[in-house]
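> Okay, predicted coordinates and the sequence, questions at the end:
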Amino acid sequence: MIDKTVVTLTEAVAHIKDGDTVFIAGFGDAGNPTELVHALIDQGAKDLTLVNNNSGNGFVGLAALLNTGRVRKMICSYPRSSHSVVFEELYHAGKIELETIPQGTLAERIRAAGAGIAGFYTPTSAGTPLAEGKEIRHFDGRDHVLERPLAADVALIKAETADRWGNLTYRLAARNFGPIMCMAAKCTIVQTRKLVPLGDIPPEQVVTPSIFVDRVVEVPHPMSERNAILNGEHYP
């Protein structure tokens, strides 16, 4: 019997290793797998490379993980955003590396990894410092930059519903990078608000099929990072 569910967050992240590259889904306050990130903090893996839309806010979730000093490199589109205090301090102190990728290119690089595409050309970033060292080709009167796929060892994802096989749905904009990150990671770990019986999710409503999911843990009352930041909360 296929059953990818685990009981605890600790069990869900137990296998993450030092040096792993980790996708963390989320966009602003939507779709952040905060409880899984906090479990990773407790787990202790270090020398990590993180891939996210931004670099964390306040002192919870991704920002709290950065604050442990166990992240070697941050790959994101928006390293400076509202309340992104931790990353800025680490970067100016020379304690963390940064790779900035335009948001559409970031999404397409992740999608390419999941689809088995070796690379693609895009006009985005042509003629800017972000194109330095990359192959440039001319198409239809414009320069295009060759971008390579971006894969990860682990993806941490937040879903709305899941079954024991790992079929997933998402809540509105909380979907964001989740589906493509599931496809492009060697191991996908999902926290879901509702764990439902097999068959309860109509096949046509499945967004991420179970083949792309490895572990599922139910978190029925996930925290709001926005509220935690406004309340001045820290983790741990």
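Looks like it arrived, so ask away. Numbers count the residues shown, from 1 in each chain.

> Poorly predicted segments of the chain, please.
Along the chain, the model assigns pLDDT under 70 to no residue.

> So which residues of it form helices?
9-13, 34-43, 61-67, 85-92, 103-115, 178-184, 225-230 (DSSP state H).

> I figured Ala112 was touching Ala151, is that so?
No. Applying C-beta atoms under 8 Å as the test, Ala112 and Ala151 come out as separate, 9.1 Å apart. Every C-beta, even on glycine, is put in place using the N, C-alpha and C of the backbone.

> For Pro209, grab the count of nearby residues.
By other C-beta atoms under 10 Å, the residues close to Pro209 number 15.

> For Arg109, see how far away it is.
22 Å (C-beta to C-beta, to the nearest Å).

> Could you tell me which residues make contact with the residue nearest to Asn57 when sequence neighbours are not counted?
Excluding the flanking residues, the one nearest Asn57 by C-beta to C-beta, 6 or more residues apart in numbering is His83, at 4.1 Å. Listed by C-beta atoms under 8 Å, 6 or more residues apart in numbering, the contact set of His83 reads 57-58, 63, 229.

> With Val51 instead?
21-24, 75-76, 106, 110, 150, 152, 181.

> and what of Ser210?
Counting by C-beta under 8 Å, 6+ apart, Ser210 has contacts 2, 4, 163, 165-167.

> quick one: the strands in the protein?
21-24, 48-51, 71-76, 97-100, 120-122, 136-139, 142-147, 152-162, 168-169, 185-195, 215-218 (DSSP state E).

> Redo the ones you listed as JSON lines? Include distance to Phe87.
Below are the strands of the chain laid out as JSON lines (distance: least, C-beta to C-beta, whole Å):
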{"stretch": "strand 21-24", "distance to Phe87": "13"}
{"stretch": "strand 48-51", "distance to Phe87": "10"}
{"stretch": "strand 71-76", "distance to Phe87": "6"}
{"stretch": "strand 97-100", "distance to Phe87": "8"}
{"stretch": "strand 120-122", "distance to Phe87": "26"}
{"stretch": "strand 136-139", "distance to Phe87": "30"}
{"stretch": "strand 142-147", "distance to Phe87": "23"}
{"stretch": "strand 152-162", "distance to Phe87": "18"}
{"stretch": "strand 168-169", "distance to Phe87": "29"}
{"stretch": "strand 185-195", "distance to Phe87": "22"}
{"stretch": "strand 215-218", "distance to Phe87": "27"}
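
> do you know which of the ones you listed lies nearest Glu225?
strand 152-162 (10.9 Å; C-beta to C-beta).

> Could you check how many residues crowd around the closest residue to Leu66 other than its chain neighbours?
Excluding the flanking residues, the one nearest Leu66 by C-beta to C-beta, 6+ apart is Val86, at 4.9 Å. Counted with other C-beta under 10 Å, the neighbours of Val86 add up to 22.

> now Pro220
For Pro220, using other C-beta under 10 Å, the count is 9.

> Could you do Lys158 as well?
28.

> Ok, Lys46 next?
Other residues close to Lys46 by other C-beta under 10 Å number 13.

> if I read this right, Asp214 contacts Gly166, doesn't it?
Yes. Counting by C-beta under 8 Å, Gly166 is a contact partner of Asp214 at 7.2 Å.
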